[in-house]
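Undergrad: From the sequence below, what's the structure:
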Amino acid sequence: MHTPTDIIAIGELLWDVFPDQRRLGGAPANFAIHFSQLSRERYDVALASAVGNDPLGTSAVQLLEKARVRTDLIGCSARPTGQVNVTLATDGTPAYEIAADAAWDHIPYSNALASALTSARVVYFGTLAQRSPVARATIQKSVSATPEDCLRVLDINLRPTMESPEIILQSLELANVLKLSDEELPVLANQCALTGNCQSQLGELQQHFELTAIAYTRGEDGAILLRGDEVSYCSGLPTKVIDTVGAGDAFTAAFVTGLLEKRPLDEINQSACKIAAFVCSQNGATPKVPSSVLA
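TA: Numbering: from 1, shown residues only. Model (predicted):
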């Protein structure tokens, strides 16, 4: 019997390997975990990905289930569960060394995934997981299969040597909601021939790709949100940065939750910046967010 699925994040599931420990990661996984806790379990949240037949894959699935993220859309691959070596600069900014040909490069388009997509209210996807032809085909087919009123959320997550103009443009054409950072906008400005200041460039993206909403994050300087003719500015919130891994994913989860519930744009922006600042002050990408931050 088909179980309605409200939120589907699709893409990489991996382990971030820090000098002192290993933590579950991957932007779609982080987004799903944050969305589940920020929405206080009001929605059915699932992750579509793939893991290897190994202890890391088993542990990843167990941690997702503990976070109340459905794992029945996660396939098992002959390739090993993904890993990323992470090093942090003194300001907490991460650098990544991503293992090639991991399980998440082989995300299957299963009957279960096809069925879940028919009821999706949000589908979240990125560009990184499309580095392989198999995962790219699954992701693009999945996004295309969602209902007309589904929020198709593209998180531009560019990494060196993984900035394919073709994949970026294909993804923008599929999306109706976009999240990007101040490091990523210049890449899009170059590839899409955007002009003017950052808000002008965001407006051009919104108009050209018929996006209903955009979130533009600026690190310690806060964020700009666009929804239709509305624009919201939020200055950065003071915080003691431990590491910034997962802060953008937490922001996106709060942003999309607000869009889904049709909250005022300024309220969405303040909430998303507050949650991202909290994540920056903690170790790990998906710390438990206290109710005082959620309020």
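
Undergrad: Please identify the buried residues of the helix or strand harbouring V123?
TA: Following DSSP states H and E, one finds V123 within strand 122-126. The neighbour-count criterion (16 or more other C-beta atoms under 10 Å) identifies V122, V123, Y124, F125, G126 as the buried residues of strand 122-126. C-betas here are computed from N, CA, C, even on glycine.

Undergrad: got it, and stretch 276-294?
TA: Under the neighbour-count criterion of 16+ other C-beta under 10 Å, stretch 276-294 has 276-282, 284-287, 289, 293 buried.

Undergrad: Stretch 80-91 too?
TA: By neighbour count, with 16+ other C-beta under 10 Å as the criterion, the buried positions of stretch 80-91 are P80, T81, G82, Q83, V84, V86, L88.

Undergrad: That stretch: end-to-end distance?
TA: Counting by C-alpha to C-alpha, to the nearest Å, the length from the leading to the trailing residue of stretch 80-91 is 32 Å.

Undergrad: as a whole number, average confidence for it?
TA: Confidence over stretch 80-91 (mean pLDDT, whole number) is 86.

Undergrad: give me every residue that touches L178.
TA: Remark: with contacts taken as C-beta atoms under 8 Å, 6 or more residues apart in numbering, L178 is in contact with V153, L154, I156, L172, L205, F209, L211, A213, I214, A215.

Undergrad: Remind me what the helix or strand hosting the first one packs against, helices and strands.
TA: It stands for V153. Following DSSP H and E, one finds V153 within strand 151-155. Judged by 3 or more C-beta pairs under 8 Å, 6 or more residues apart in numbering; DSSP states H and E, strand 151-155 is in contact with strand 122-126, helix 165-174, strand 177-181, helix 247-260.

Undergrad: where are the low-confidence patches of the chain?
TA: Within the chain, the stretches falling below the threshold (pLDDT under 70) are 1-4, 160-163, 295.

Undergrad: change it to 90
TA: For the chain, applying pLDDT under 90 flags the ranges 1-5, 16-21, 38-42, 84-99, 157-165, 219-220, 236-246, 279-295.

Undergrad: Past the lengthiest helix in it, which element shows up next along the chain?
TA: Ordering each helix of the chain by length in residues (DSSP state H) puts helix 265-280 first. Towards the C-terminus, the helix or strand next in line after helix 265-280, according to DSSP H and E, is helix 291-294.

Undergrad: What lies in contact with that next one?
TA: The set of residues that contact helix 291-294 without belonging to it, under C-beta under 8 Å, 6+ apart, is L38, R40, K274, I275, F278.

Undergrad: And the helices in the stretch 101-250 of the chain, which stretches?
TA: 111-117, 133-144, 165-174, 185-191, 198-208, 247-260 (DSSP state H, counting those that start in this stretch).

Undergrad: So which of those is nearest A50?
TA: helix 133-144 (8.2 Å; C-beta to C-beta).
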